[in-house]
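# With the sequence up front, the predicted model follows.
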Amino acid sequence: MQQPKKQKQIQTEKPRTVGKQYSFFEDVYDVVRQIPIGRVTSFGAIANFLGTKLSARMVGWAMNGAHNVNPPVPAQRVVNRNGMLSGKAHFSTPTKMEELLAKEKVQVKNDRVVDFEKLFWDPAKELEI
DNA sequence: GCATTGACGAAGG
DNA sequence: CCCTTCGCCAATG
């Protein structure tokens, strides 16, 4: 039998319960997947919801593997606190993010979400798990 | 093991 | 509005 070493590595493909602990990334993905269509949220909001608001970077870091998780994570709905499409460069194409948002009736102007405040979706308030 | 980087946030200029 | 500095934590070199 093969005994997989307990490597502390990002299971971006399958963050299965390696023992029990769910990856921090999974929490992020789970929240992002619950973002309603046509709405957006920020890294800080997710981080704050997870209790790591001081580590908003980790949220973005988690999103780094969002392209390999299943089901896919609508990362296009996650922008920075300024409503800017900070992650557009990480998509298949630099314009993919805008296109995806455009399909959800989210207008993007100059790499920034229009009416970001209106479309903002705070999991800590709306979701409230 | 230390230094740098990073899809961020807040504060200051 | 733009840019810079600091903080925060994990991954990478």
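It's in. This structure is a prediction, so every number in the text was calculated from the model and none was measured. Numbering: from 1, shown residues only, chains lettered A, B, ... in the order given.
# In its sheet, which strands sit next to the host helix or strand of A:Thr41, and in what direction?
Element membership for A:Thr41, per DSSP states H and E: strand A:41-42. Strand pairing for strand A:41-42, using DSSP bridges, gives strand A:78-79 (parallel).
# near DNA strand C at all, the partner strand?
No - counting by C-beta under 7 Å from any atom of the strand, DNA strand C is not contacted by strand A:78-79; separation bottoms out at 14.1 Å. Just so you know, the C-beta spots here come from the backbone N, C-alpha and C atoms, and that holds for glycine as well.
# Can you spell out which helices and strands pack onto the helix or strand just after the strand holding A:Thr41?
Where DSSP H and E defines the elements, the next helix or strand beyond strand A:41-42 is helix A:43-50. Counting contacts by 3 or more C-beta pairs under 8 Å, 6 or more residues apart in numbering; DSSP states H and E, helix A:43-50 is packed against helix A:24-33, helix A:56-63, strand A:78-79.
# pretty sure A:Ala89 belongs to a helix, no?
Yes - under DSSP: H, G, I helix; E, B strand; the rest coil, A:Ala89 sits within a helix.
# TSV for the helices and strands packed on helix A:43-50, including mean pLDDT and mean neighbour count?
TSV is the format used below for the helices and strands packed on helix A:43-50 (pLDDT from 0 to 100; neighbours: other C-beta atoms under 10 Å):
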stretch	mean pLDDT	mean neighbour count
helix A:24-33	90	20
helix A:56-63	92	20
strand A:78-79	94	26
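# Dump these to JSON lines, plus distance to DNA strand B.
Shown next, in JSON lines, are the helices and strands packed on helix A:43-50 (distance: least, C-beta to the nearest atom of the strand, whole Å):
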{"stretch": "helix A:24-33", "distance to DNA strand B": "9"}
{"stretch": "helix A:56-63", "distance to DNA strand B": "3"}
{"stretch": "strand A:78-79", "distance to DNA strand B": "6"}
